[in-house]
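*Asks:* This is a predicted model, with the sequence first.
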Amino acid sequence: MASSLGRLFFNGRLRTGLMSKSLERSSIHRFCSDAATSNSPMQLAVVRVADGSLFMSLSLQVGGRTRMLNRSRVGQLGSTLQRIGLVSAADGSKSSQAGNTPIVPTRVSLKHGQGDLAGQVKELNVTNIEGFCNGDVLQVGEDVYHVAVNPPSIHGVQLPTFIAACNTIIPLVHSEFTDGAGLKYEWRRVGEGGEPDMVVSTEEHYCPTEEDVGSKLSLAVSPALPPGIPSPEPLVVTTQSPVNRIGRLGHWHRSRETAELFAPDSDRMRVVTYNILADCYAMKTPSQFDYCSSKVLNVAFRDALLLHELPAYNSDILCLQEVETQRFESNIKPFMESKGYTGKLVLKKGVTEGVATLWRKDRFELHEAQSFVLGEALVQHRALSELLSSLPAAKVREVSSRNTVLSLHHLVRKSDQRSFIVGNTHLYYHTDARSQRTVMANSIMLLMNAFKKNTSQWSYSKVPPALILCGDFNSTPEKAVHEIITTGQLNPTHPCRKFVDDTVQLTHDCSHPLRFASAAPHESVPWSNFTRDFVGLLDYVYFDTTAFSLDKVIPMPRREFVEEFTALPSERYCSDHLPVIADLQLKP
């Protein structure tokens, strides 16, 4: 009978994560059932209207059950109230109804709940969307309901699986009809009996202290509702493991030289590039890191180290490589946003990792972003047509099959509208791909030059955009990649011109008009990748010498520190790479 009176409506999808707790019932059901058992004289009628939807849903407790009706936004209010009366009468008569005795609808009215018209019955010929308003009073027989339109609701809460003292926890809350500001938080230390004990914070983010070490933490999240609306029970989650003490981290001595945060209008700029080691590679090739414990390779542990490290550098522009979607969306992005950064992730083609570029929100705003799959750009972009024509067809297929990406972001400094173009990439790693990397390096420079020309046409500043290029280039300084970027050409006899089979040689001059220098190699930055089987410089911060001079490079840690646990990653360092950190001075 009930199904013929109104179509049930349910919209309680949950995004789950590493440490999440779902609602066993829909958020609507929790609102209504909790309101029905509260001390308030009124129950709750929840109206949900999603942006762009032609329908609205109405849910309320009828006869001890949550009933949800889906109605047209522009349908008549009188028709909806009549349907509510039929549903109420059908639920109330099921036990005594016999044969085909007609159901007499329960009397239903909707009254203004506030303002000069408070207490007056609403007109029945208005639309549903006009009729139902926050604070209205819905009466169904003897039952009285408080109307709440789009009250904030919580669908799940996610916490990191590894918690460390002095490492801020940023919960990932999956909510609806709230931007996060309308939520209440309560952090508690879990006692020996497993029950939440002492309240340690009521802020959204919590940084565990030494007193928390050895104890689990619980977080209760609930929506902050207007006065008079009964609140549902909070959603409570508990950390999987106790708070850990991880000791002094590897970046501590470098962070002493990056303690200064440059002013938003400063002409100094700190740029950091960092390959953070994708979890898919750390776990896919365990033999490569067989000197590491399972704890060190655990991505939750490594992310705890990473999120402790990144803010310590006070970077203005941060370029990351081997960034997976899950890590970026759940951990890195929300954490760095809480520290004043914003940014974007660009994935390699066909895989779940790529390059992420972040920048300080108080210094820069994004005006344009463009990304290229270099293999596709080689055969499609007109800026690379001359380079393409110099390659044999077999080598074109070889290079164009690579999924390497280049992300370009045009940033504008807020203080004076000066333009900057930031490139971020991660070149193909294989030792036999040296000539492919040569082609890709030349492609990057030509694409950046084309992007610069397009940007200059509508730049707000009369000064040409200043260029920065960061990444893991999988090339040591003597290779062709470094020569092409820093000299604008490639020696005709350079060995990297030869493809692996030695039957074909790259004939293009690999020239480009850009003028770049590198923050490394430098006497204090002899390497950036440090494993048991390889130690070398693969990561670079390149800068436009027409716009910048190099102020200083932050030295790498002493070798004995890095070798404390054989190599990287380790108990102190989250990746097999270390970041290259450069302070640049902007020229007038």
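*Replies:* Right, received. Where do you want to start? Numbers count the residues shown, from 1 in each chain.
*Asks:* Can you tell me the number of residues neighbouring the residue nearest to D279 when sequence neighbours are not counted?
*Replies:* Spatial nearest neighbour of D279, chain neighbours left out: V299 (4.0 Å); criterion: Cβ to Cβ, 6 or more residues apart in numbering. Backbone N, C-alpha and C define where each C-beta goes, glycine included. Other residues within reach of V299, judged by other Cβ atoms under 10 Å, total 23.
*Asks:* And for C470?
*Replies:* 29.
*Asks:* Okay, and the beta partners of it?
*Replies:* In this entry, C470 is beta-bridged to N424, V541, by DSSP bridges.
*Asks:* Please verify my assumption that G214 contacts V243.
*Replies:* Yes. Using Cβ atoms under 8 Å, G214 is in contact with V243, at 6.8 Å.
*Asks:* So for the two, which residue has more residues nearby?
*Replies:* Taking neighbours as other Cβ under 10 Å, G214 and V243 compare with V243 leading, 23 against 12.
*Asks:* ok, now which ones touch that one?
*Replies:* I163, A164, A165, P208, D212, V213, G214, S215, K216, L217 (Cβ atoms under 8 Å, 6 or more residues apart in numbering).
*Asks:* Can you tell me which of the residues you listed is closest to W187?
*Replies:* L217 (6.1 Å; Cβ to Cβ).
*Asks:* if we can go back for a sec, a markdown table for the contacts of V243, including distance to E571?
*Replies:* Compiled in a markdown table, the contacts of V243 are given as follows (distance: Cβ to Cβ, whole Å):
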| residue | distance to E571 |
| --- | --- |
| I163 | 17 |
| A164 | 12 |
| A165 | 15 |
| P208 | 19 |
| D212 | 20 |
| V213 | 16 |
| G214 | 19 |
| S215 | 22 |
| K216 | 22 |
| L217 | 23 |
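*Asks:* Take these and write them to TSV, including secondary structure.
*Replies:* Shown next, in TSV, are those (DSSP: H, G, I helix; E, B strand; the rest coil):
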residue	secondary structure
I163	coil
A164	strand
A165	coil
P208	coil
D212	helix
V213	strand
G214	coil
S215	coil
K216	coil
L217	strand
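*Asks:* Now, of these, which are buried?
*Replies:* Neighbour counting over the contacts of V243 (16 or more other Cβ atoms under 10 Å) leaves I163, A164, A165, P208, D212, V213, S215, K216, L217 as the buried ones.
*Asks:* And the first one, its phi and psi?
*Replies:* For I163, the backbone dihedrals are phi -120, psi 130 (criterion: degrees, to the nearest 10).
*Asks:* Then the fourth one?
*Replies:* Phi and psi for P208, reported as degrees, to the nearest 10, are phi -60, psi 150.
*Asks:* Is V46 bridged to anything, and to what?
*Replies:* Following DSSP bridges, V46 is listed with bridge partners S59, A148.
*Asks:* and what of F372?
*Replies:* With DSSP bridges as the criterion, F372 is bridged to L406.
*Asks:* got a list of what it touches?
*Replies:* Neighbouring residues of F372 by Cβ under 8 Å, 6+ apart: H381, V405, L406, L408, L447.
*Asks:* what does T273 give?
*Replies:* The contact partners of T273, by Cβ under 8 Å, 6+ apart, come to C319, L320, Q321, N424, C470, G471, D472, D539, Y540, V541, P579, V580.
*Asks:* which residues does the last one bridge with?
*Replies:* As for beta bridges, V580 partners with T273 under DSSP bridges.
*Asks:* For the stretch 351-500 of the chain, which segments are assigned as helices?
*Replies:* Remark: helices assigned in the stretch 351-500 of the chain by DSSP state H, counting those that start in this stretch are 374-380, 385-389, 393-400, 434-457, 480-487.
*Asks:* what about those helices, which gets the closest to L225?
*Replies:* Closest to L225 of the helices of the stretch 351-500 of the chain, according to Cβ to Cβ: helix 434-457, at 47.1 Å.
*Asks:* Just the buried positions in the closest one, please.
*Replies:* Across helix 434-457, burial judged by 16+ other Cβ under 10 Å covers 434-452, 455.
*Asks:* end-to-end on stretch 305-319?
*Replies:* End-to-end distance for stretch 305-319: 17 Å, by Cα to Cα, to the nearest Å.
*Asks:* Distance from it to the middle of the chain?
*Replies:* How far stretch 305-319 lies from its chain's middle: 15 Å, per Cα atoms, centre = their mean, to the nearest Å.
*Asks:* Let me see the mean pLDDT of that stretch.
*Replies:* In this model, stretch 305-319 carries a mean pLDDT of 96.
*Asks:* if I pick E571, what's in contact with it?
*Replies:* Each residue near E571 by Cβ under 8 Å, 6+ apart is listed here: I246, G247, V296, E564, F565.
*Asks:* Give me the number of neighbouring residues for the residue nearest to the third one when sequence neighbours are not counted.
*Replies:* The reference is to V296. Distance criterion Cβ to Cβ, 6+ apart; nearest residue to V296, sequence neighbours excluded, is P569 at 5.5 Å. For P569, the count of nearby residues is 26 (other Cβ under 10 Å).
*Asks:* Next: the one 4 residues further on.
*Replies:* By other Cβ under 10 Å, 26 other residues sit near Y573.
*Asks:* Surely Q139 is in a strand?
*Replies:* Yes. Using three-state DSSP, the assignment for Q139 is a strand.
*Asks:* OK, contacts around R418?
*Replies:* For R418, the contacting residues are V412, S461, V463, A466, L586, by Cβ under 8 Å, 6+ apart.
*Asks:* Which single one of those is nearest to V236?
*Replies:* V412 (43.9 Å).
*Asks:* coming back round to it: quick one, what contacts the residue nearest to D279?
*Replies:* Neighbour list for V299: D279, A282, R327 [criterion: Cβ under 8 Å, 6+ apart].
*Asks:* burial count for the nearest residue to the second one once chain neighbours are set aside?
*Replies:* Nearest-residue entry for A282: L297, 5.1 Å, with adjacent residues in sequence omitted and distances by Cβ to Cβ, 6+ apart. Residue crowding around L297 was assessed by other Cβ under 10 Å; the count is 17.
*Asks:* which stretches of the stretch 1-150 of the chain form helices?
*Replies:* Secondary structure of the stretch 1-150 of the chain (DSSP H, counting those that start in this stretch): helices at 2-5, 27-36, 77-93, 128-131.
*Asks:* got any ranges where the stretch 1-150 of the chain has weak pLDDT?
*Replies:* For the stretch 1-150 of the chain, the stretches flagged by pLDDT under 70 are 1-41, 92-101.
*Asks:* Tell me which residues are up against whatever helix or strand H253 lives in.
*Replies:* Assessed by DSSP states H and E, H253 sits inside helix 252-255. Contact with helix 252-255 is made by E309, A312, Y313, I554, P555, M556, P557, F561, I581, as judged by Cβ under 8 Å, 6+ apart.
*Asks:* Could you tell me which of those residues are located in strands?
*Replies:* Within these, residues falling in strands by DSSP state E are I581.
*Asks:* So which of the contacts of helix 252-255 belong to helices?
*Replies:* With DSSP state H as the criterion, helices contain E309, F561 from among these.
*Asks:* So which of the contacts of helix 252-255 wins on neighbours?
*Replies:* Sorting the contacts of helix 252-255 by how many neighbours each has (other Cβ under 10 Å) puts I581 first, at 28 neighbours.
*Asks:* Who are the contact partners of the nearest residue to it once chain neighbours are set aside?
*Replies:* If the residues on either side of it in the chain are set aside, I581 comes closest to I554, at 3.9 Å by Cβ to Cβ, 6+ apart. By Cβ under 8 Å, 6+ apart, I554 lies in contact with R254, E257, T258, Y313, S524, I581, A582, D583.
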